[in-house]
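>>> I'd like to go over a predicted model; first the sequence, then the structure.
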Amino acid sequence: MPPDPTPEEISQFVERFAGVLGNSGVPTMSARVIGRMLVSPTGMLTSAELAESLRISQPAVSGAVRQLLQVGFISRERIPGSRKDHYRIRDDVFSAILERRNNSLAEWESTSRSGADLFGPDSTVGQRLTEAADFFAFIHKDLEQLIKSWRADHPR
């Protein structure tokens, strides 16, 4: 078994992981919070713990936490005897992220199809938008099935 990582190694990993999430469209501060919560032994941290470990301000944590709560990637919990809110990362956060992305694909398909109708299916623009819509529909269907299969194989 490898030795426990140092705080600096943990910090480097969190930043690297956040960078990967950021490159795929997750807002930077939210990505950093997800990364830090992932490496917490309990998956749960307070705002103060997040601010200290990420070396960011409380308002930055507050904004990221608010966004992550709104999309359901984390939850707010109270610990008996504590006045502080504790935030817990979802066990299935990555399937939840992909499910949310997949819902966007359905919207992209619908919007592309309405554009194809607007320009006409025989026009160059209509053909381009129809191909985009077909692509989004194809990916949406397959990703939906993959998420269902994952959840069936990995129940919470």
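On my side now, so go ahead. Numbers count the residues shown, from 1 in each chain.
>>> State the helix or strand in which the most far-flung residue of the chain relative to its centre lies.
For the chain, the residue at maximal distance from the C-alpha centroid (CA atoms, centre = their mean) is residue 122, at 38.0 Å. For residue 122, there is no helix or strand it lies in under DSSP states H and E.
>>> which helices and strands does whichever strand or helix holds residue 135 pack with?
Using DSSP H and E, residue 135 sits in helix 124-153. Helix 124-153 sits against helix 93-119, with contacts defined as 3 or more CB pairs under 8 Å, 6 or more residues apart in numbering; DSSP states H and E. Any C-beta I mention is one placed from the backbone N, CA and C, and that applies to glycine too.
>>> Which pLDDT value goes with the residue farthest from the centre of the chain?
pLDDT for residue 122: 94.
>>> How about residue 47?
96.
>>> Now it. Nearest residue, chain neighbours left out?
Of all residues not flanking residue 47 in the chain, residue 61 sits nearest, at 4.9 Å (CB to CB, 6 or more residues apart in numbering).
>>> Just to be sure, that neighbour is in a helix?
Yes. Assigned with DSSP: H, G, I helix; E, B strand; the rest coil, residue 61 falls within a helix.
>>> change the start of the numbering to 181 and stick with it
Sure thing, new numbering starts at 181, so read that last one as residue 241.
>>> Just give the number of residues close to it.
24 (other CB atoms under 10 Å).
>>> Tell me which residues of stretch 302-311 come out buried.
Going by neighbour count (16 or more other CB atoms under 10 Å), the buried part of stretch 302-311 is 306, 309, 310.
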